[in-house]
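Trainee: Just a sequence and a predicted model for now, questions to come.
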Amino acid sequence: MMNRFLVAVLCLVAATVVRAAPEVRQLMQLVDYVGVDYPGAVVDGEVTNRAEYEEMADFTATIQTLARQLPEGGFGDRVRQRADRLRSLVEGKAPAGAVSELAGELRRDLIQGYDLSVVPRRAPDAAMGARLYRDNCASCHGVGGRGDGPAAADLNPPPTDFTDWNRARGRTLFGLYNTLTHGVDGTGMKAFDRLPGEQRWALAFHVGRLALPPELVTAGERLLLTDDTGLEQLDAKSLATLTPNDIKARMGDDGLALMAYLRTRPQLLFGSGRGQSLALARERLGESLSSYRAGDRAAAQRLAVSAYLDGFEPAEGNLDAVDGSLRRTIEAEMTRYRELIRQQAPVGEVAGQAGRLTGLLQRADGLLTSTELSPAAAFVSALIILLREGLEAILVIAALAAFLIRTGRRDGLRYLYAGVAAAVALGALTWWLSGYVIQIGGAGREITEGLAALFAAVMLFYVGFWLQSKTKARQWRAFIDGRVNRALGRGTLWGLAGLAFIAVYREIFETVLFYQALWIQTGHDGRGMILSGLLAAAIALLLLAWLILRYSTRLPLRQFFAVSGVFMFLLAIVFAGKGIAALQEAGRLPMDMIDIPQIDLLGIYPNLQGVLVQLLLAVIAVVLLLKDRFKGRSAGT
């Protein structure tokens, strides 16, 4: 039973964390190659490099094949149309500018339509990139990147000359990152997927700097010293996903110079990382409004969900420490924006709501950028995060442990603790994978949490019903007359382990996310207080568990079962409310707002669907309790 349970959980994680299918990333890689290399194969309608041209023809045929594997409708149809056109342009030996422009359009469609993660989480480390290049790339590409390394003579095709500015003008940093991740078939360029994502980004930025003309970098620095408004037009995503040619077309020569300088100083865009997620929230909000104006309501809703989960939610904890009222206002206004899209409100009304949200996000961004958490605030925030996220899990674990101890089945504790250990281990693995192997989006995280919470609610409700059923006279005598071992067989114990696993695992994603954001918002002097707050919260939770075990196990056994049953019912109602809310935030369930206060501790949120589910569970629980009590009295108890 436990094996099937773990397989189901692993399938759930796999189904919700992978944001883009492999063919989408391969499409991105091939599109980048065509955009960069085609100008070297065809000039004025004539093939100047036969081998290069045949490679371009092969790549565009593969692009067309991969595009046909994408789901029907929406962005899939658009990508297929452009893939067909790209192949026609290459076969017709069209001008390089037309091919590069279409490749750029395809790249943007893939990024926007398939939620590709195209920006590093923090500013790439220049020293790390240089060291990685020296250790992994210089033997083929040469110390200076000219393709003249000691091993170059034995390679066919020869290594790329990264100092060729004409070719580099058509290359994106994300394209370099993608190539490092997947390698290039049929060449000496192997995949560097063994390197963590942070190192691949550092290496991509290093390679992307090799062709920059020094005078262009100097010009960009002068521009930034005299006028920093260019940073408002060129964000981290643009730096990573646009080619120098794209930026010149959008911003002119000044934009090109600014791009060159920012490739050497990316930390100016990433800063400390405090406002980065809010910048993403504003960006996704703008994309959502554009999609709504274009009549693509599904894309507008998906991007609105991403604006909240990927952009705003990571900054929630930090903003709460600075201005809790503003955090609650933004959360409510984002919910209102998604509701307007779902109700197909007039474009003007949706645009007005988007404008209000943008202003609120800019205000929050200003607060976080200008405010560094004090050590005391960092301690309190760290304390509250773990207490808030870990309370439900510790209540479930402590209640189940008390039940096993009180029934004389201490041997079952190892099953319970095995479930906890498995959850911590899988949570740590999932967190590591999210940073280095796969990308876990906000929606994927919320779906995982939501489904886990609903599964836990079902199991808690069942356990509560089972405990209550044992308090009736006939069942009670059978239970205490030597049937404890049969009632708590191995299957039941593994079920309790599964419940412990779910209760702990569902909290890990968000807890790690909040601590990462808090670490960024806190200065160096206050980071020790984060660890102190975390330790204090852990001690408080362990103390709570000890108190539950100490005093609940002193209750008479029958009374203990009755109290525990009611407690399990209450926890099931809380988990159900939180599960519904998580799926609503991910855009998987509708949300109709109602005017009631939000009580996070009880899983009560101001939406009709969640409240109705909780009321239904409460009614069922009351009916079961009254039914058992009536039967117990009629049996002579």
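Mentor: Nice, thanks for sending it over. Numbering: from 1, shown residues only.
Trainee: And the helices in the stretch 501-637 of the chain, which stretches?
Mentor: All helices of the stretch 501-637 of the chain, identified by DSSP state H, counting those that start in this stretch, fall at 527-552, 557-585, 608-634.
Trainee: Show me the shaky parts of the stretch 501-637 of the chain.
Mentor: The stretch 501-637 of the chain contains residues with pLDDT under 70 at 509-510, 513-514, 516-517, 520-525, 553, 555-561, 628-637.
Trainee: Out of the helices of the stretch 501-637 of the chain, which is the most enclosed?
Mentor: Mean neighbour count (mean count of other Cβ atoms under 10 Å) peaks for helix 557-585 among those, with a mean of 22. No exception for glycine: its C-beta is placed from N, CA and C like everyone else's.
Trainee: now for that helix, which elements pack on it?
Mentor: Packing partners of helix 557-585 (3 or more Cβ pairs under 8 Å, 6 or more residues apart in numbering; DSSP states H and E): helix 375-406, helix 442-469, helix 527-552, helix 608-634.
Trainee: quick one, which of those is nearest to residue 87?
Mentor: With Cβ to Cβ as the measure, helix 442-469 is the member of those nearest residue 87 (32.9 Å).
Trainee: Just want the angle from that closest one to helix 557-585.
Mentor: Orientation check (axes from the mean of the first three to the mean of the last three Cα atoms, to 10 degrees): helix 442-469 against helix 557-585 gives 160 degrees.
Trainee: Start and end of stretch 518-530, how far apart?
Mentor: The straight-line separation of the ends of stretch 518-530 (Cα to Cα, to the nearest Å) is 8 Å.
Trainee: Switch the helices of the stretch 501-637 of the chain over to JSON lines; also include distance to residue 44.
Mentor: Converted to JSON lines, these look like this (distance: least, Cβ to Cβ, whole Å):
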{"stretch": "helix 527-552", "distance to residue 44": "60"}
{"stretch": "helix 557-585", "distance to residue 44": "54"}
{"stretch": "helix 608-634", "distance to residue 44": "62"}
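Trainee: Out of the ones you listed, flag the one nearest residue 285.
Mentor: Each of these has some distance to residue 285 by Cβ to Cβ; the shortest is helix 557-585, at 15.4 Å.
Trainee: ok and that closest one relative to helix 608-634, angle-wise?
Mentor: Using the same axes, to 10 degrees: helix 557-585 against helix 608-634 is 160 degrees.
Trainee: now helix 557-585 against helix 375-406, angle please.
Mentor: Using the same axes, to 10 degrees, helix 557-585 lies at 130 degrees relative to helix 375-406.
Trainee: how far out from the middle of the chain is helix 557-585?
Mentor: Relative to the chain's own centre, helix 557-585 is displaced by 27 Å; criterion: Cα atoms, centre = their mean, to the nearest Å.
Trainee: Over to stretch 183-199?
Mentor: Centroid separation between stretch 183-199 and its chain, computed with Cα atoms, centre = their mean, is 23 Å.
Trainee: next one: stretch 68-76
Mentor: From the chain centre to the centre of stretch 68-76 is a distance of 23 Å (Cα atoms, centre = their mean).
Trainee: which parts of that stretch are buried?
Mentor: 70, 75, 76 (16 or more other Cβ atoms under 10 Å).
Trainee: ditto for stretch 343-351
Mentor: Neighbour-count burial for stretch 343-351, counted by 16+ other Cβ under 10 Å, picks out 345, 350.
Trainee: Need the residues that contact that stretch.
Mentor: The contact list for stretch 343-351 (Cβ atoms under 8 Å, 6 or more residues apart in numbering) reads 289, 292, 293, 297, 337, 340, 341.
Trainee: One more pass at 10 Å, please.
Mentor: The contact list for stretch 343-351 (Cβ atoms under 10 Å, 6 or more residues apart in numbering) reads 288-289, 292-293, 295, 297, 300, 304, 337, 339-341, 352-353, 592.
Trainee: can you dump the C-alpha coordinates of that stretch into PDB?
Mentor: Taking Å, rounded to 0.1, in the frame of the first residue of the first chain, the C-alpha atoms of stretch 343-351 are listed here in PDB:
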ATOM      1  CA  GLN A 343     -16.400  37.100 -16.000                       C
ATOM      2  CA  GLN A 344     -15.300  38.400 -19.400                       C
ATOM      3  CA  ALA A 345     -15.700  42.000 -18.200                       C
ATOM      4  CA  PRO A 346     -15.300  44.900 -20.700                       C
ATOM      5  CA  VAL A 347     -11.700  45.600 -21.700                       C
ATOM      6  CA  GLY A 348     -11.800  49.100 -20.200                       C
ATOM      7  CA  GLU A 349     -12.800  47.700 -16.700                       C
ATOM      8  CA  VAL A 350     -10.000  45.100 -16.900                       C
ATOM      9  CA  ALA A 351      -7.500  47.700 -18.000                       C
END
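Trainee: Alpha carbons of stretch 323-338, as PDB, please.
Mentor: Taking C-alpha atoms only, stretch 323-338 is exported to PDB below (Å, rounded to 0.1, in the frame of the first residue of the first chain):
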ATOM      1  CA  ASP A 323       3.500  47.000   5.200                       C
ATOM      2  CA  GLY A 324       1.000  44.200   5.900                       C
ATOM      3  CA  SER A 325      -2.000  46.300   4.900                       C
ATOM      4  CA  LEU A 326      -0.500  46.900   1.400                       C
ATOM      5  CA  ARG A 327       0.200  43.200   1.100                       C
ATOM      6  CA  ARG A 328      -3.500  42.400   1.800                       C
ATOM      7  CA  THR A 329      -4.700  45.100  -0.600                       C
ATOM      8  CA  ILE A 330      -2.600  43.800  -3.500                       C
ATOM      9  CA  GLU A 331      -3.700  40.200  -2.800                       C
ATOM     10  CA  ALA A 332      -7.400  41.300  -2.900                       C
ATOM     11  CA  GLU A 333      -6.900  43.400  -6.000                       C
ATOM     12  CA  MET A 334      -5.200  40.600  -7.800                       C
ATOM     13  CA  THR A 335      -8.100  38.300  -7.000                       C
ATOM     14  CA  ARG A 336     -10.400  40.900  -8.300                       C
ATOM     15  CA  TYR A 337      -8.400  41.200 -11.600                       C
ATOM     16  CA  ARG A 338      -8.600  37.400 -12.200                       C
END
